[in-house]
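>>> requesting a structural model of the entry that follows:
(one chain, ligands or ions: 2)
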Amino acid sequence: MMTINEGIVTVKIPSFHKISSKAPVFYNPNMELNRDISVLAIQQFQKEKKSKIKIADLFAGSGIRGIRYRLEIEGVESVLANDINPVAVEFIEENSKLNNAPVDITMEDANILLRRNRGIFDVVDIDPFGTPSPFIESAGYSLKKDSLLCVTATDTSSLCGTYKNPCIRKYNAVPLKTEYCHENGLRILVGFTSLTLAKYKKYIKSRLAYSSQHYMRIYLEIGKGAAKADKSLKENIGFIYHCHNCLYRNLEHGMLPILPKKCPKCGGRLDFSGPLWIGELEDESFIKGMIRSLPEKTLNKKKEALKLLKLLEEEAGMPPTFYDIHKICSKMRISAPPLKKVMENLQEKGFKVVRSHCRATGIKTNASIMELKKSIKEVYS
Ligand SMILES: C[S@@+](CC[C@H](N)C(=O)[O-])C[C@H]1O[C@@H](n2cnc3c(N)ncnc32)[C@H](O)[C@@H]1O
Ligand SMILES: [Zn+2]
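Ligands and ions are numbered 1, 2, ... in the order given. A predicted model of the protein is given here:
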């Protein structure tokens, strides 16, 4: 047996040698930041709602997530911790007693639970092994207006385009292997979710979305109405076109790509990705609220959480995709100048420029690739 301390809770799990879906009860210490950020995000959602919330932790594992939500978030009416694995359910029961956390415990397939509890939960947390794709349809059926959907995806190689076919199969979207493939993957995940929910006359507002280590996590607020869902798809679903030769990229709205397309800068063939979410991923006021409640919480990953949230806050309002200075410089056959200097040069010219949370050498800017190359040359010489 192992004892785990996270936030203000202590849980017991069967000992394991390797983090694996084959372990009797799944626990991944590398997901602590995911759980810390979730506590902050759901707390912020509850604060905005100004009423008590009902949370469903559908893939509870050891119960650590749901128990933390019950004890670390203020204004919680109830937490349901569910898992299909009977051994996990035994541990959820033990761990909830150990922490004096009153959680409702069930052992059901997440899809059936969602179908049976339509319009009940204010927060639905989907944290499965690998892809969340087989559970989004039931979430679309079940979610109520003004609720929050939290989704984890650990199949990043599919979303990032290492393998094309699994992404097409699971997310009905063509991925793109580029320097910004992690952001692109987040956009595929959000786009797929919004398209699936639209069948149920629901639309989304992305409050927070990030990619970290080996997973992606999104927090979407749900709205209802056919006309609003149509409008949201028109405004936010589209394609990213990318030139592998000169690194030019551009966006277009719509459900189908316009092909073939030539790069307007170098005449090369434009590659594409989508359909995906080309709208906002980050909500500045939501993230600011999360940062404000950080000091009130006991979190082991406080420093990492703050660093990530600050980067995400800056990304709000910036255009999709980002540039990697090293990639550009290798194309230009020069060594990369300091990132800070390039950013300052762009700012002096009046461009907006921030770092991407996805990559230490990535910058988001409203300057074009041509303007960026010009700035790099100026800094270099
Ligand atoms: C990645 S783990 C969850 C980890 C947990 N949320 C945490 O933060 O520690 C996925 C869990 O989903 C459970 N599971 C797999 N398929 C399921 C299904 N169809 N319905 C409900 N639970 C399922 C597994 O038994 C496993 O415990
Ligand atoms: Zn080009």
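>>> neighbours around residue 350, how many?
Residue 350: 8 surrounding residues under other C-beta atoms under 10 Å. C-beta: built from backbone N, CA, C; applies to glycine.
>>> that one and ligand 2: what is the separation?
According to C-beta to the ion, to the nearest Å, residue 350 and ligand 2 sit 25 Å apart.
>>> can you classify that residue by secondary structure?
Per DSSP: H, G, I helix; E, B strand; the rest coil, the local secondary structure of residue 350 is coil.
>>> what's it sitting at in phi/psi?
Per-residue torsions, residue 350: phi 90, psi 10 (degrees, to the nearest 10).
>>> per-residue confidence for it?
pLDDT, residue 350: 98.
>>> ok, it to residue 375 distance?
12 Å (C-beta to C-beta, to the nearest Å).
>>> likewise for residue 318?
17 Å.
>>> and what of residue 170?
For residue 170, the distance to residue 375 - C-beta to C-beta - is 39 Å.
>>> quick one, strands of the stretch 251-381 of the chain?
271-277, 323-324, 353-355, 362-365 (DSSP state E, counting those that start in this stretch).
>>> name the helices or strands packed onto the shortest one?
By that I understand strand 323-324. In terms of contacts (3 or more C-beta pairs under 8 Å, 6 or more residues apart in numbering; DSSP states H and E), strand 323-324 is packed against strand 362-365.
>>> what does the strand it packs on contact?
Strand 362-365 is contacted from outside by 179-180, 315, 318-319, 321-325, 339, 342-343, 346, 351-356, 372, using C-beta atoms under 8 Å, 6 or more residues apart in numbering.
>>> buried ones among the residues you listed?
179-180, 315, 318, 321-325, 339, 342-343, 346, 351, 353-356, 372 (16 or more other C-beta atoms under 10 Å).
>>> which ones among those residues come in contact with ligand 1?
Here nothing survives when those are matched to ligand 1 using C-beta under 6 Å from any ligand atom.
>>> okay, residue 170 and residue 375: which has more neighbours?
For residue 170 versus residue 375, neighbours defined as other C-beta under 10 Å are more numerous around residue 375 (24 against 20).
>>> do you know the pLDDT at the more buried one?
pLDDT, residue 375: 97.
>>> repeat for residue 59
Looking at residue 59, the pLDDT reads 98.
>>> my guess is it contacts residue 128. True?
Yes. Contact criterion C-beta atoms under 8 Å: residue 59 and residue 128 qualify, at 5.0 Å.
>>> now the common contact residues for the two.
residue 110.
>>> near ligand 2, which residues of the protein are found?
Residues of the chain lying close to ligand 2 (C-beta under 5 Å from the ion) are 243, 245-246, 248, 263, 265-266, 268.
>>> strands of the stretch 1-150 of the chain, start to end?
2-6, 9-13, 53-57, 76-82, 104-106, 123-126, 148-153.
>>> let's have the ones you listed in a markdown table, adding mean neighbour count and distance to residue 68.
Below are those laid out as a markdown table (neighbours: other C-beta atoms under 10 Å; distance: least, C-beta to C-beta, whole Å):
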| stretch | mean neighbour count | distance to residue 68 |
| --- | --- | --- |
| strand 2-6 | 14 | 7 |
| strand 9-13 | 20 | 5 |
| strand 53-57 | 24 | 9 |
| strand 76-82 | 22 | 9 |
| strand 104-106 | 16 | 15 |
| strand 123-126 | 26 | 11 |
| strand 148-153 | 24 | 13 |
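>>> closest residue of the stretch 201-350 of the chain to ligand 1?
At 9.5 Å from ligand 1, residue 215 is the closest residue in the stretch 201-350 of the chain, using C-beta to the nearest ligand atom.
>>> what's that residue in contact with, if anything?
With C-beta under 8 Å, 6+ apart, residue 215 has these contacts: 31, 34, 152-154, 156.
>>> next, format those as TSV and append pLDDT.
Shown next, in TSV, are those (pLDDT from 0 to 100):
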residue	pLDDT
31	96
34	98
152	98
153	98
154	98
156	97
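>>> nearest to residue 16, of those?
residue 31 (14.0 Å; C-beta to C-beta).
>>> how many neighbours does that closest one have?
Neighbour tally, residue 31, other C-beta under 10 Å: 24.
>>> without its sequence neighbours, what residue ends up closest to it?
Closest residue to residue 31 apart from its sequence neighbours, by C-beta to C-beta, 6 or more residues apart in numbering: residue 215 at 7.3 Å.
>>> for that neighbour, phi and psi?
Dihedral angles (degrees, to the nearest 10) for residue 215: phi -150, psi 170.
>>> same thing with residue 297?
The phi/psi pair for residue 297 (degrees, to the nearest 10) is phi -100, psi 150.
>>> and it, how far is that from residue 332?
Taking C-beta to C-beta, one finds residue 297 at 45 Å from residue 332.
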